[in-house]
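Asks: just a sequence and a predicted model for now, questions to come.
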There are 2 protein chains.
Amino acid sequence: MTADSSSAGDPRRSLELLWGLAPARRRGPRPRHSVEEIAVAAIELADAEGLSALSMRRVADRLKVATMSLYTYVPSKAELIDVMLDRVYGETPKTYAKSAGWRARLEQVARDNWDLYHRHPWMLQVVMHRPVLGPNMIAKFDFELRAVDGEGLTDLEMDQVISLVSNYVHGAVRSAVEAMQAESRTGLSDAQWWEISGPLLEKVFDPAQFPTAARVGAAAGEAYEAVGDPERAFAFGLERVLDGIEAFIARRSA
Amino acid sequence: MTADSSSAGDPRRSLELLWGLAPARRRGPRPRHSVEEIAVAAIELADAEGLSALSMRRVADRLKVATMSLYTYVPSKAELIDVMLDRVYGETPKTYAKSAGWRARLEQVARDNWDLYHRHPWMLQVVMHRPVLGPNMIAKFDFELRAVDGEGLTDLEMDQVISLVSNYVHGAVRSAVEAMQAESRTGLSDAQWWEISGPLLEKVFDPAQFPTAARVGAAAGEAYEAVGDPERAFAFGLERVLDGIEAFIARRSA
DNA sequence: GCCGTTATCGTACGACGTGCGGCGTTTCCT
DNA sequence: AGGAAACGCCGCACGTCGTACGATAACGGC
């Protein structure tokens, strides 16, 4: 429970929340807010300050409401995160260019996800105990599968191809975002950090023992000084992944 | 700070810890423990109960020591996690079979990481603000780079290839581990969970609207009932990734 | 034996998620 | 019209967390 997780509560309640199945109010005072409104406030907070700053108290503050009032809309923090997730899943485009082939479509899927994670880096830290079966998540899944539909793959292979791309993007974004956030989180710029770490590491690290790491580490370090290089690394990996899928599809059609 | 993160403290202190650079004891009572011992206890706890159960109090209990005593060995929880990480990085093999080509070597790297993450799933949740420059992490980096050394790639390309493989493995393990842990974390088996979610979802989800998701979801759901299928999905993706790298290396040599 | 150093640890503070129970508002039923 | 039931709102409290602070006691060098 301490960990920021989703889908840890009652699945029934979760699904009702995600699909907006309110049991139809009957009596009592009018709700002053809505699940949507709460989710929006929570997303804004998480976007701005990270998942570690997302607390029920802070969300309530944002809405000028007492903390416990949130619990009339949402059974627990886990379900709130479910709603947040499904909501941001709704942000990705859901149409392909008409002329695009499967490769262009898959590339779009990868880049849309890359963008989505960059807009909401807290998504990377949410551990999902079960898939969040909200409408937007399902629409997104369907859309992504259609990228490789009709190319002669079995259903299982289609799922595996989409998983492959999703998994790669997730990992790549994670590296990139962590690198980007290092400065703001620690209050130390890369330069300052190396100024401290460098000399100490030199005393203790023997380049002769690990020549490959020394050489490549230096090269990569230099390259990454240039802004935008994580994006190039992402593009590089994506091309390899798509090449691998291309070989598979070609072999499958033959 | 609330988030389970690493490398958030003083880099100098971190490096001293990681490389065992104690400032040489002089006076005072003999330490009853060691950073190593504390890290081992912490790793055991995190392995058994997950990162959310890893607290300074619980680690101290395990060592039969007051909570605050830990702070004489480790400046904060973040640095402790750094030490834990570098320690488990030491677990992966560091030699290749002599006969192995780059592809077999890369596959070994991927599978060793897959195994490592499965042994220590908490690694997936640690957000790294900076690379943990410990001896084992460097040795591991060097070892992995050697998988693709001497194949005609530039230093930067070597780094990108290793990143690609690492990123894919990270993403794939994440999916697999989350699926595996869903039952123990929520106390609901997959069957029980579907028994509740299924009927509700049927009321609300229209297969005609998302035929691809419906079809593939059903197929994938069935396949994953069979134990060990996440591993097959991992193997599938890995083959594609390696194929993509193969194409790149081939083009590079030509 | 004494003093400076250092390990150990009890207490405390401000965060967190959330259970419980009281209050006041709104709606339905008579 | 009036009473009762349902429900939104919220203050308080509990047990958790990381860790700052200061007291105490063990030890090494003189």
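Replies: Good, I have the coordinates. Numbers count the residues shown, from 1 in each chain, chains lettered A, B, ... in the order given.
Asks: so residue A:46, which state does it fall into?
Replies: Residue A:46 carries the three-state label helix when classified by DSSP: H, G, I helix; E, B strand; the rest coil.
Asks: could you pull up phi and psi at the residue in the stretch 151-254 of chain A positioned nearest to DNA strand C?
Replies: At 16.8 Å from DNA strand C, residue A:185 is the closest residue in the stretch 151-254 of chain A, using CB to the nearest atom of the strand. No exception for glycine: its C-beta is placed from N, CA and C like everyone else's. For residue A:185, the backbone dihedrals (degrees, to the nearest 10) come out as phi -80, psi -40.
Asks: what residues does stretch A:181-192 touch?
Replies: For stretch A:181-192, contacts defined as CB atoms under 8 Å, 6 or more residues apart in numbering or on different chains pick out A:50, A:121, A:193, A:196, A:225, B:5, B:7, B:8, B:11, B:129, B:130.
Asks: for the first one, give me the pLDDT.
Replies: Read that as residue A:50. Per-residue pLDDT puts residue A:50 at 95.
Asks: and it, how far from residue A:164?
Replies: As defined by CB to CB, to the nearest Å, residue A:50 lies at a distance of 28 Å from residue A:164.
Asks: of the two, who's got more company?
Replies: residue A:164 (26 against 19; other CB atoms under 10 Å in any protein chain shown).
Asks: could you identify the helix or strand that succeeds whichever strand or helix holds that one?
Replies: Following DSSP states H and E, one finds residue A:164 within helix A:155-186. Using DSSP H and E, the helix or strand that follows helix A:155-186 in sequence is helix A:190-204.
Asks: quick check: buried residues in that next one?
Replies: For helix A:190-204, burial by neighbour count (16 or more other CB atoms under 10 Å in any protein chain shown) applies to A:193, A:197, A:200, A:201.
Asks: quick check: phi and psi at residue A:127.
Replies: Note on residue A:127: backbone dihedrals following degrees, to the nearest 10 are phi -90, psi 130.
Asks: what's the distance between it and DNA strand D?
Replies: From residue A:127 across to DNA strand D, the span is 17 Å (CB to the nearest atom of the strand, to the nearest Å).
Asks: what's the closest non-adjacent residue to that residue?
Replies: Leaving aside its chain neighbours, residue A:127 sits nearest to residue A:5 (4.7 Å; criterion: CB to CB, 6 or more residues apart in numbering or on different chains).
Asks: what's the neighbour count on the one you found?
Replies: Using other CB under 10 Å, residue A:5 is surrounded by 24 other residues.
Asks: go on, the one 3 residues further on?
Replies: Residue A:8: 23 surrounding residues under other CB under 10 Å.
Asks: assign a three-state SS to it, would you?
Replies: Residue A:8 is classified as coil under three-state DSSP.
Asks: now do the contacts for it.
Replies: A:1, A:76, A:78, A:129, B:185, B:186.
Asks: try 10 Å
Replies: A:1, A:14, A:76-79, A:81-82, A:127-130, B:182, B:185-188 (CB atoms under 10 Å, 6 or more residues apart in numbering or on different chains).
Asks: before we move on, what about residue A:71?
Replies: Contacts of residue A:71 by CB under 10 Å, 6+ apart are A:56, A:60, A:77, A:80.
Asks: and those residues near DNA strand C, which?
Replies: Contacts with DNA strand C within the contacts of residue A:71, counted by CB under 7 Å from any atom of the strand: A:56, A:77.
Asks: compare the contacts of residue A:71 and tell me which is most surrounded.
Replies: Ranking these using other CB under 10 Å puts residue A:80 first, with 24 neighbours.
Asks: what strand or helix carries it?
Replies: With DSSP H and E as the criterion, residue A:80 is inside helix A:77-89.
Asks: on that earlier part again, buried ones in the helix holding residue A:164?
Replies: So for helix A:155-186, counting by 16+ other CB under 10 Å, buried means A:155-179, A:182-183, A:185-186.
Asks: check stretch A:216-236 too.
Replies: For stretch A:216-236, the buried set under the neighbour-count rule, 16+ other CB under 10 Å, comprises A:216, A:217, A:219, A:220, A:224, A:229, A:230, A:233, A:234, A:236.
Asks: pretty sure the third one sits in a helix.
Replies: Yes. Residue state for residue A:219 (three-state DSSP) corresponds to a helix.
Asks: state the pLDDT value of it.
Replies: So residue A:219 comes in at 93 (pLDDT).
Asks: before we move on, what about residue A:111?
Replies: 98.
Asks: following element in sequence after the helix or strand harbouring it, please.
Replies: Using DSSP H and E, the element containing residue A:111 is helix A:102-119. Next in sequence after helix A:102-119, counting helices and strands by DSSP H and E, comes strand A:127-128.
Asks: any part of that next one near DNA strand C?
Replies: No. Against DNA strand C, strand A:127-128 shows no contacts by CB under 7 Å from any atom of the strand, the least distance being 14.5 Å.
Asks: quick one: list the elements packing against that strand.
Replies: strand A:5-6, helix A:77-89, helix B:155-186 (3 or more CB pairs under 10 Å, 6 or more residues apart in numbering or on different chains; DSSP states H and E).
Asks: and the residue nearest to residue A:43 when sequence neighbours are not counted, how many neighbours?
Replies: Spatially, and ignoring its direct neighbours in sequence, residue A:43 is nearest to residue A:84 (5.3 Å; CB to CB, 6+ apart). By the measure other CB under 10 Å, the count of residues near residue A:84 is 26.
Asks: check contacts around the residue nearest to residue A:127.
Replies: Applying CB under 10 Å, 6+ apart, the residues near residue A:5 are A:77-78, A:81-82, A:125-129, B:50, B:52, B:125, B:178, B:181, B:185-186.
Asks: how near is it to residue A:132?
Replies: For residue A:5, the distance to residue A:132 - CB to CB - is 11 Å.
Asks: who touches both of the two?
Replies: A:81, A:82, A:126.
Asks: got a pLDDT number for the first one?
Replies: Among the per-residue scores, residue A:81 shows a pLDDT of 97.
Asks: correct me, but it touches residue A:132?
Replies: Yes. Taking contacts as CB atoms under 10 Å, residue A:81 lies within contact range of residue A:132: 8.7 Å.
Asks: so the two - more neighbours on which side?
Replies: Shown here are residue A:81 and residue A:132; by other CB under 10 Å, residue A:81 has more neighbours (27 against 23).
Asks: OK, contacts around the more buried one?
Replies: Applying CB under 10 Å, 6+ apart to residue A:81 gives the contacts A:4-8, A:39, A:42, A:46, A:51, A:54, A:74, A:122-123, A:126-128, A:132.
Asks: contacts only, for residue A:18.
Replies: Contacts of residue A:18 (CB under 10 Å, 6+ apart): A:35, A:79, A:82-83, A:85-87, A:132-138, B:201, B:204.
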